[in-house]
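Peer 1: 3D, please:
(2 chains)
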Amino acid sequence: MELSELLRLSWKALVVNKLRSILTTLGIIIGVFAIILLVSLGTGLQTYITKQVSSLGSNLLFVIPGAEGGARSAGGAVANKLLYSDAKTLAFRLKDIASVAPVIQKTATLKRKNNTDKNVTIAGTTYNYSDIVNIKVVKGTPFTLSQQNSNAKVAIIGQTVIDKLFNSENPIGQVFFVGSTPFRVVGIAEKRGSVFGIDEDNAIIIPITVAQQQFNITNVNAIYLSAKRPELVNFVKQQATTILLKRLTADDFNIQSQESALSTVNNITNVLSIALGGIASISLLVGGIGVANIMLVSVTERTKEIGLRKALGAKRRDILAQFLLEAIILSLVGGVIGILLGIIASLIISQFFVSTVTPWSIFLAFFFSVAVGVVFGVAPAMKASKLSPIEALRYE
Amino acid sequence: MNKKQPIILLKDIIKEYRSLDVITPVLQGVSLSVYPGDFIAITGPSGSGKSTMMNILGLLDVPTSGTYILNGEKTTGLSEDKLAFIRNKEIGFVFQSFNLLTRSSALENVVLPAIYAGSNKKIRNDRAIELLSQVGLKERMYNRPNQLSGGQQQRVAIARALMNNPEIILADEPTGNLDTKSGNDVMNILKTLNKEGKTIVLITHELDIASQAKKVIHFRDGKII
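Peer 2: Got it, this is the predicted structure:
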């Protein structure tokens, strides 16, 4: 039996039971849609984080407390032994090959007149921080070394802080409070957006010396090192390790490069993408069971037709092909619609969140939907092809 | 056509149905020769085995033992697909309940055996239209079975049976669901076909139908009497 005739036959059978076919297809549509969308979200996330990490600059290294991948104290918290003085030592010893900026990070509430801004991320750091991590000051200036040394209570503020505290006023030179301490705005940082509900613009940068006083701490959360040239990154890492090991042990700190951070991020987001895709695949599997179910019903309903076709000369493979093709068409149509909906939804989501449609997820979903048709269509089609013509003709 | 060689030769056909340990004999040693151009009616009360006989003659069922030679070729032991191939080429079926595909037009129904034979689309469509005009239904070729009367449906079924130009027409109670006039129409078509050289085996329990055949065979308790 020629393919065009088979296609016509299968299509016709599906069109006759429109509602049933649509509902069955819906199972596949949802499965494929979920795969495309969730994988797109995973990939979008990966792209976003990669971009964020890359934007820090490839010359960047960061010293963080704790040994790499372990040696945590009870409760999972890292016993932080990094001090501002370590950063000073590094800055002094590496001054020819790298810039150094320690960071203290805290959260606090800001006040100005009747306005408050809660959960603001406060980064206490040195005057050169914005150069090292590529934060652009779009208005005003970063604070200076002399302001840092004189414990000047000055701040660079993010866009959200401006919106919440200053309404429409020009904030440069204005004063706000952290607790009872007044800070003067010297600069405004470039807008960075938000991810996972964390608003990166709800942040201020103040001199580290001031932050130490304000929060009464001597530890630092991280020390950023920026090699003067990309080829010096490994040398800087070596040197910094040697210097820090004079005071600390190997369990007290580790130094990450942008490259190693990226590979960690990629590992995590890859696992995430695969996990999301896997969860979505379950719904496709359920959709496939729906196809198998409806094909079994269809075979039973059309027992007499099968008997007649066999009596008139249909071979096993003719019947097998007819029913298998029906299942494949159901899944394929569902797959194509699911892919289109997935792409549309992903494009809509990318307007306000991260989402990137990947070709491999489309191929995968397409391949899977055809495979679902074959796998779940084969049992009912086999059943149909094995029917004995007289039994089938006798069937009422 | 050589009169000496039978087109259908049955020898000691036995058919038994087994369910659990109970063996039900249906055909108990049937031997029969049908020659080209014959018009045979097989009659008998229900349960006499004539329907089973029809299934075996039509290669829809296989005998438990015995030999069936069709057109000089032994059919026992052939694969299901090979049997389908022979049915397609050499046997035209006419059923009591017409057995038309309800969602397909008359034309699509008639063309069906040729689709499985793999013949050219243009040629098979032309032939189907010609056959439909022969049974007087050319103007109804795009109608579906439910838009046709019983007699018209059976005429479509006869056109379908003729599609691959088989030598044998097997008709199982072809008038059973029809009124007298339509039944007569169908019988007249069958008689005409027989005059044109087709071998016809007709199964019926109506004696006045059977009497229109050239030869009548009576079945009782799985045997020819």
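Peer 1: Leaving out chain neighbours, which residue sits closest to A:Glu25?
Peer 2: Careful, residue A:25 is Thr; it's not Glu. A:Gly334 (4.1 Å; Cβ to Cβ, 6 or more residues apart in numbering or on different chains). C-beta: built from backbone N, CA, C; applies to glycine.
Peer 1: Could you count how many residues lie near the one you found?
Peer 2: 30 (other Cβ atoms under 10 Å in any protein chain shown).
Peer 1: which residues touch the nearest residue to A:Lys383 once chain neighbours are set aside?
Peer 2: Leaving aside its chain neighbours, A:Lys383 sits nearest to A:Val299 (5.5 Å; criterion: Cβ to Cβ, 6+ apart). Going by Cβ atoms under 8 Å, 6 or more residues apart in numbering or on different chains, A:Val299 touches A:Ile306, A:Phe323, A:Pro380, A:Ala381, A:Lys383, A:Ala384.
Peer 1: Distance check, A:Val299 against A:Ile319.
Peer 2: 9 Å (Cβ to Cβ, to the nearest Å).
Peer 1: With B:Lys82 instead?
Peer 2: In terms of Cβ to Cβ, B:Lys82 sits 16 Å off from A:Ile319.
Peer 1: got any ranges where chain B has weak pLDDT?
Peer 2: B:1-4 (pLDDT under 70).
Peer 1: right, I mislabeled it, should have said the stretch 251-396 of chain A
Peer 2: A:396.
Peer 1: those helices in it, which residues are they?
Peer 2: According to DSSP state H, counting those that start in this stretch, the stretch 251-396 of chain A carries its helices in the segments A:258-301, A:303-311, A:316-349, A:359-386, A:389-394.
Peer 1: between the ones you listed, which gets nearest to A:Val233?
Peer 2: Set against A:Val233 and scored by Cβ to Cβ, the helices of the stretch 251-396 of chain A come closest in helix A:258-301, at 8.3 Å.
Peer 1: The most centrally placed residue in chain B: which element?
Peer 2: Residue closest to the average C-alpha location in chain B (Cα atoms, centre = their mean): B:Leu170, at 1.7 Å. Using DSSP states H and E, B:Leu170 sits in strand B:168-172.
Peer 1: how about that strand as CSV, C-alpha atoms only?
Peer 2: Written as CSV, here are the backbone C-alpha positions of strand B:168-172 (Å, rounded to 0.1, in the frame of the first residue of the first chain):
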residue,chain,number,x,y,z
ILE,B,168,-14.1,-16.7,-8.0
ILE,B,169,-16.9,-14.8,-6.3
LEU,B,170,-17.9,-16.0,-2.8
ALA,B,171,-21.2,-14.7,-1.7
ASP,B,172,-22.3,-15.4,1.9
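Peer 1: Which strands or helices does the helix or strand just after that strand pack on?
Peer 2: Per DSSP H and E, strand B:168-172 leads on to helix B:180-195 as the next helix or strand towards the C-terminus. Helix B:180-195 sits against strand B:39-43, helix B:150-162, strand B:168-172, strand B:199-203, with contacts defined as 3 or more Cβ pairs under 8 Å, 6 or more residues apart in numbering or on different chains; DSSP states H and E.
Peer 1: What strands flank the last one, and is each parallel or antiparallel?
Peer 2: What it means is strand B:199-203. strand B:39-43 (parallel), strand B:168-172 (parallel) (DSSP bridges).
Peer 1: re earlier: and the residue nearest to A:Thr25, what is it in contact with?
Peer 2: Per Cβ under 8 Å, 6+ apart, neighbours of A:Gly334: A:Thr24, A:Thr25, A:Leu26, A:Gly27, A:Ile28, A:Ile29, A:Gly31, A:Val32, A:Gly287, A:Ser369.
Peer 1: Need the winner for burial among the helices of the stretch 251-396 of chain A.
Peer 2: A comparison of the helices of the stretch 251-396 of chain A by mean neighbour count, using mean count of other Cβ atoms under 10 Å in any protein chain shown, puts helix A:303-311 on top with a mean of 23.
Peer 1: right, and B:Tyr17 touches B:Thr24 too?
Peer 2: Yes: between B:Tyr17 and B:Thr24 a contact is recorded at 4.6 Å, counting by Cβ atoms under 8 Å.
Peer 1: and B:Leu57, what does it touch?
Peer 2: Taking Cβ under 8 Å, 6+ apart as the test, what B:Leu57 contacts is B:Ile8, B:Leu10, B:Leu170, B:Val201.
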